[in-house]
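Asker: based on what follows, work out the 3D shape:
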Amino acid sequence: MVSGNHVSRFRLIILIVSISFFTACTCPSTPPQEPDVTQKCPTSTGTPCPLLTATPQPSPTPPSATEMAAPVDPIHVIRLGTGLTGTDLFPYHQIIDEYEKEHRETLVQVEPMAGTDYYSRLTRLHMAGSAPDIIYLSDDKLRYFVQEEILAPFTDAIDPADFDPSLYYPGLLEPGQAGGIQYLLPEDFSTLVLFYNKKLFQNAGVGFPMDNWTWDDLLSAARRLTKDRNKDGIPEQWGIQMNAAWEKGFEYWVLSAGGSLISEDGRQFIGYMDAPEAIRAAEFYAGLYTIEKVAPPPVDLYAWTGGNTEFLDGKAAMVIGGYWSEAEYRINPNIDLGVAAPPHDALRVNILFWSGSGITTNSRYPLDAGRFLLYENGPASASIWKEWHLPVLASVVNDESYSKDPLYKIFYQELNFIKPRGYSRTPYWDQTAHPVLVEALETLVTNPSADPARVMHAAAEKAQTLLNEILR
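Answerer: Residues are numbered from 1 along each chain as shown. Sure, this is the predicted structure:
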């Protein structure tokens, strides 16, 4: 698929044509008129190029005042900023190509910004007054970008009659809202599921996971599925592959225990991050590594799934993750894939991973940006998006296999159990809770002697100190 931006491509074509023409004609060094590419100088026949003959040529007739005053429709260049790269950009280019065929007055320029500093770069571009017209965000960044006035209300850039909220699957518009105002339109989402390898369950004579499984059911199955056949203390097969220091995934365990990592008003970590429910979640999570030893030790604490590949290799029976992994699992010959709801403790809950696009307050052409977003995230582009991620339009979900295939429908069913994550209560999550929880999880999953209660108490105090410094 073509990468880069359409403006550059257009200019390159004009440049190549211009060079070809003037090379053939060896025209004078006076400033050239726009070349007429339909008229070729017949130099190959030996006929002199008319531009080089000594016969005086009539001067071109200057344009009349009426012609000079005639309006020219400008081309508006819409800049789309994203942290995605590589093949993840393919659907954007497909959609843009189709959009530009129908809207000749608009060019949409994709600006990939790879790297972990994507959001800070967007912030700096905004401060410089040069942020893209459209930006792609995950919902955990929404509150900060609204507070910093980087995002403009989406509904300000469109005719309300053009926006039909009922097009979207229930529960997928709200994550793009702040204070009841729609800032982002949904592009991508996932809930958490329990992936499992049917082969390993069948070989061990263990029943497949059920949607009503508890943590105790998970642990019981993981014990039976962990196999140290040569008795050397290192299992050849593991019950479950865990997610190491992934704090976003850890929050699910806290919510399922009936707790919360932060107060509803977003001002208190003490009494929440170190509450009995959070400590129970930490104890169970870490214990799968250090006490029960049913999960392989992490290879890289900072990598997704701890850098482990046991599930992919057919050497771990279960893993908790999102839709982003399913395609790889489906085609893996080591895996006979099954899915179920994540196991629950006090509450059956789930958490949402959601991304969307919105319009910046720096946008030069907010109305054009609004029209493009309605196209990009509406019915016109649904056939392209469904090849890349879970559809967000209700009509697509209800009319196709997504509502029937068990490997798809579980992600939509779990939307009924979503609980708000901590970042939705404070715009300062990344500066406070995130680094503190990562540090706590590093300690818990690698140090068998670590006391979960003490670790979580220390984490709550540290996060509170960081938050107080910001709020004062």
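
Asker: contacts for the helix or strand where Val397 lies next, please.
Answerer: For Val397, the host element (DSSP states H and E) is helix 394-399. Helix 394-399 is contacted by residues 166-170, 379, 382, 386, 391, 402-403, 412 when judged by CB atoms under 8 Å, 6 or more residues apart in numbering. The C-beta positions use only the backbone N, C-alpha and C, and glycine is treated the same way.

Asker: if we go to 10 Å?
Answerer: Contacts to helix 394-399, defined as CB atoms under 10 Å, 6 or more residues apart in numbering, come from residues 166-170, 172, 379, 382-383, 385-386, 390-391, 393, 402-404, 408-409, 411-412.

Asker: buried subset of those residues?
Answerer: Buried by 16 or more other CB atoms under 10 Å: 167-169, 172, 382, 385-386, 390-391, 393, 402, 408, 411-412, out of these.

Asker: do you know the pLDDT at the closest residue to Met242 other than its chain neighbours?
Answerer: Spatial nearest neighbour of Met242, chain neighbours left out: Ala295 (4.3 Å); criterion: CB to CB, 6 or more residues apart in numbering. Model confidence at Ala295, given as pLDDT, is 98.

Asker: try Trp304
Answerer: Per-residue pLDDT puts Trp304 at 76.

Asker: burial of the closest residue to it other than its chain neighbours, as a residue count?
Answerer: Nearest residue to Trp304 in three dimensions, chain neighbours excluded: Trp246, at 7.1 Å (CB to CB, 6+ apart). By other CB atoms under 10 Å, the residues close to Trp246 number 21.

Asker: ok, Trp246 touching Asn308?
Answerer: No. Assessed by CB atoms under 10 Å, Trp246 is found out of contact with Asn308, at 11.7 Å.

Asker: find residues that contact each of those two.
Answerer: Common contacts of Trp246 and Asn308 (CB under 10 Å, 6+ apart): Pro298.

Asker: so the residue positioned nearest the centre of the chain bridges to which residues?
Answerer: Most central in the chain under CA atoms, centre = their mean is Ser355, positioned 4.8 Å from the mean C-alpha point. Per DSSP bridges, the residues bridged to Ser355 are Ser138, Asp188.

Asker: check contacts around it.
Answerer: The neighbours of Ser355, taking CB under 10 Å, 6+ apart as the test, are 82-84, 136-141, 175-176, 184, 186-190, 389.

Asker: counting neighbours, what do you get for Ala275?
Answerer: For Ala275, the neighbour count with other CB under 10 Å is 19.

Asker: for it, what are its contacts?
Answerer: Residues in contact with Ala275 (CB under 10 Å, 6+ apart) are 254, 257-261, 281, 456, 460.

Asker: same check, this time on Ala222
Answerer: 206, 238-240, 242, 288, 292-295, 316-318.

Asker: re the thing from before, could you identify the helix or strand that succeeds the helix holding Val397?
Answerer: Downstream of helix 394-399, the next assigned helix or strand under DSSP H and E is helix 406-413.

Asker: give me the mean pLDDT for that following helix.
Answerer: So the average pLDDT for helix 406-413 ends up being 94.

Asker: give me the next element, helix or strand, following it.
Answerer: helix 433-446.

Asker: okay, that next one in CSV with CA atoms only?
Answerer: Only the C-alpha atoms of helix 433-446 are listed here, as CSV (Å, rounded to 0.1, in the frame of the first residue of the first chain):
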residue,chain,number,x,y,z
ALA,A,433,-0.5,5.7,39.1
HIS,A,434,1.1,4.2,36.0
PRO,A,435,4.8,4.3,37.0
VAL,A,436,4.0,3.4,40.6
LEU,A,437,2.0,0.4,39.7
VAL,A,438,4.5,-0.8,37.1
GLU,A,439,7.2,-0.7,39.8
ALA,A,440,5.0,-2.5,42.3
LEU,A,441,4.2,-5.3,39.8
GLU,A,442,7.9,-5.7,39.0
THR,A,443,8.5,-6.3,42.6
LEU,A,444,5.6,-8.6,43.1
VAL,A,445,6.1,-11.0,40.2
THR,A,446,9.9,-11.3,40.6
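
Asker: understood, closing this out.
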